Structures are given as structure tokens and as C-alpha cells.
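Asker: Give me the fold of what follows.
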Amino acid sequence: MAEVRWVTFDCFGTLVDWRRGISGGLELLFPGRGWELLEIYIRVEAVVQAEQPSMRYRDVMAETVRRVADEAGLELVTDNASVLGATIAYWPVFADVGPALAGLRAAGWRLALLTNCDRDIIGETQRRLGVHIDAVVTSEHVGSYKPSHNHFTQFAESFGATRENWVHAAQSYFHDIQPAHSLGIPSVWVNRLGQADDPSIAHAVVPDLIDLVRTVERVSTG
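Answerer: Residues are numbered from 1 along each chain as shown. Model (predicted):
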């Protein structure tokens with residue numbers, strides 16, 4: 001019987017255009033300021049997650065929006081803090097995702113998501129990926145947010161994944177590539193933003209998912 005082989009993904013940022021989703025939501029509240037406020041949001045959200053690791057992601061987003069508005073000196077209508085939770089199901093999926101995931105399945109890989117969000121959010125997003133996902137580990141389930149190791153250890157314990165049959169692919173160096181390196185999990189850094197962090201801690205670095213099947217196969221046998 002063939003060994004089960006897994007590719008796990010971060011979802012938002014890797015498969016779904018998280019930056020466009022966040023900036024678009026902030027733009028709805030503060031026209032002309034979306035991309036500028038995104039940079040504050042990215043920094044502040046990590047702080048909120050570290051302070052309150054058991055908080056649901058919808059609430060993390062709302063609290064982050066409140067802090068962003070306060071830091072930027074902008075007036076926020078109370079109900080508007082929920083804008084990201086209300087729009088996240090419609091954030092755009094990157095065009096290379098469907099072919100890459102379908103190619104991995106055709107090559108015999110099982111697919112899983114290790115995601116910093118809630119069960120209901122990933123359920124809404126999952127159906128837009130166009131390919132069956134075999135397993136999901138959420139922050140709501142493990143009670144913490146990456147870069148905590150809990151997503152990875154929970155997945156390994158639940159599905160018997162090891163460094164011999166598992167590759168993790170993700171865009172976020174901070175949330176995914178660094179913890180995967182610490183745990184000895186083979187990783188593919190999907191460096192969509194052309195960041196200059198040390199690439200040597202990943203087993204491969206790619207700019208997108210176009211050649212992901214070949215890259216994963218190379219990493220898994222290397």
C-alpha cells in the first residue's frame with residue numbers, strides 16, 4: 001500500500017490574497033488609505049494574536065482594526081470594526097492555486113490547511129479553492145496562532161505526518177517557514193512578495209505556485 005504523502009498549506013497569503021483582502025476592507029472604511037493602513041494592520045495583528053491566542057479570528061481582526069484606527073488617528077464607527085470578518089469569504093484566491101492543488105492531487109499528494117482562522121471562515125473559503133482539501137487545522141481548534149508550533153504538532157499527531165512524508169508550503173516567513181524550520185519539517189517558501197529574509201532555512205523558495213508540483217517532489221526526495 002502506497003505511503004500517504006501530505007502537503008500542508010497556510011491559507012491566507014499563500015492561497016488567498018490576504019493583503020488585497022485586508023487593504024480592500026480598510027479601504028471601505030477609510031477611502032484612499034487602505035494600502036497605507038495595511039502595513040500597520042500586519043504589525044498590530046501579530047501583537048493581538050500573541051496577547052490573546054485563544055481569541056477567535058473574527059474578533060482578532062476586529063480588535064486589530066480598532067487599534068489601527070486609533071494608531072492612525074482615524075474615527076471608527078463601532079460596528080465597522082467587523083468589516084474584515086464580513087468580507088473574508090470573498091477575498092480573492094490567487095490564479096495559480098487551482099492548477100497547483102489539482103496537480104498535487106493528481107500526483108498522489110493529500111492536501112491540508114494549517115490556518116490562523118476559525119472553522120466557519122475556513123469552511124467558507126475552502127469551497128472557493130476548487131480542489132478537495134483532506135484536512136484542516138485551525139487556530140480555533142488548537143487555541144493558538146502560528147508561529148506557535150501547535151498547528152504543526154496537532155497535524156503530525158492526528159495524521160501520522162513526519163518529515164519523511166510531509167512538505168509544508170507557505171508565504172509567511174514569520175508564521176510558517178520559521179516554525180517549520182524549527183521543527184525540521186521540509187518546507188517550500190512561496191515568496192510572493194520578494195522578501196529578503198534568509199532563504200536557507202527553507203528547502204526551496206519559489207515566487208508562486210506555478211511549478212509547485214515539481215518543487216514539492218524534489219523537496220520530498222531531497
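Asker: All the helices of this protein, residue numbers only.
Answerer: Using DSSP state H, the helices of the chain run over residues 18-29, 34-51, 57-72, 83-87, 97-106, 119-126, 139-142, 150-159, 178-183, 212-221.
Asker: Now the first one: buried residues?
Answerer: For helix 18-29, burial by neighbour count (16 or more other CB atoms under 10 Å) applies to W18, R19, R20, G21, I22, S23, G24, G25, L26, E27, L29. (Each C-beta comes from the backbone N, C-alpha and C, glycine too.)
Asker: got a list of what the second one touches?
Answerer: Contacts of R19 were listed using CB atoms under 8 Å, 6 or more residues apart in numbering, and they are G13, L38.
Asker: Not counting sequence-adjacent ones, nearest residue to N150?
Answerer: Of all residues not flanking N150 in the chain, V142 sits nearest, at 4.0 Å (CB to CB, 6 or more residues apart in numbering).
Asker: still on that earlier bit, with mean pLDDT and distance to V206 as added columns, please give the helices of the chain in a markdown table.
Answerer: Shown next, in a markdown table, are the helices of the chain (pLDDT from 0 to 100; distance: least, CB to CB, whole Å):
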| stretch | mean pLDDT | distance to V206 |
| --- | --- | --- |
| helix 18-29 | 98 | 18 |
| helix 34-51 | 97 | 22 |
| helix 57-72 | 98 | 27 |
| helix 83-87 | 97 | 28 |
| helix 97-106 | 98 | 10 |
| helix 119-126 | 93 | 22 |
| helix 139-142 | 96 | 26 |
| helix 150-159 | 98 | 20 |
| helix 178-183 | 98 | 15 |
| helix 212-221 | 96 | 6 |
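Asker: mind giving me a markdown table with those helices and columns for distance to H132?
Answerer: Formatted as a markdown table, these follow (distance: least, CB to CB, whole Å):
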| stretch | distance to H132 |
| --- | --- |
| helix 18-29 | 22 |
| helix 34-51 | 29 |
| helix 57-72 | 23 |
| helix 83-87 | 25 |
| helix 97-106 | 7 |
| helix 119-126 | 9 |
| helix 139-142 | 20 |
| helix 150-159 | 15 |
| helix 178-183 | 24 |
| helix 212-221 | 16 |
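Asker: what about G13, how many neighbours?
Answerer: Neighbourhood size, G13 [other CB atoms under 10 Å]: 22.
Asker: From what I see, it and S172 are in contact.
Answerer: Yes: here G13 reaches S172: they are 5.4 Å apart, a contact under CB atoms under 8 Å.
Asker: Direction included, what does the top strand by length along the chain pair against?
Answerer: When the chain is parsed with DSSP state E, its longest strand is strand 109-115. Strand pairing for strand 109-115, using DSSP bridges, gives strand 5-9 (parallel), strand 135-138 (parallel).
Asker: same question for it, mean pLDDT?
Answerer: Strand 109-115 shows a mean pLDDT of 98.
Asker: Which residue ranges make up each domain of this structure?
Answerer: Per the record, the chain has its domains at 5-16+92-221, 18-88, by automatic domain parsing.
Asker: what's near enough to touch the residue lying closest to G85 once chain neighbours are set aside?
Answerer: Nearest residue to G85 in three dimensions, chain neighbours excluded: R58, at 3.9 Å (CB to CB, 6+ apart). By CB under 8 Å, 6+ apart, the contact set of R58 is S82, G85, D118, I121.
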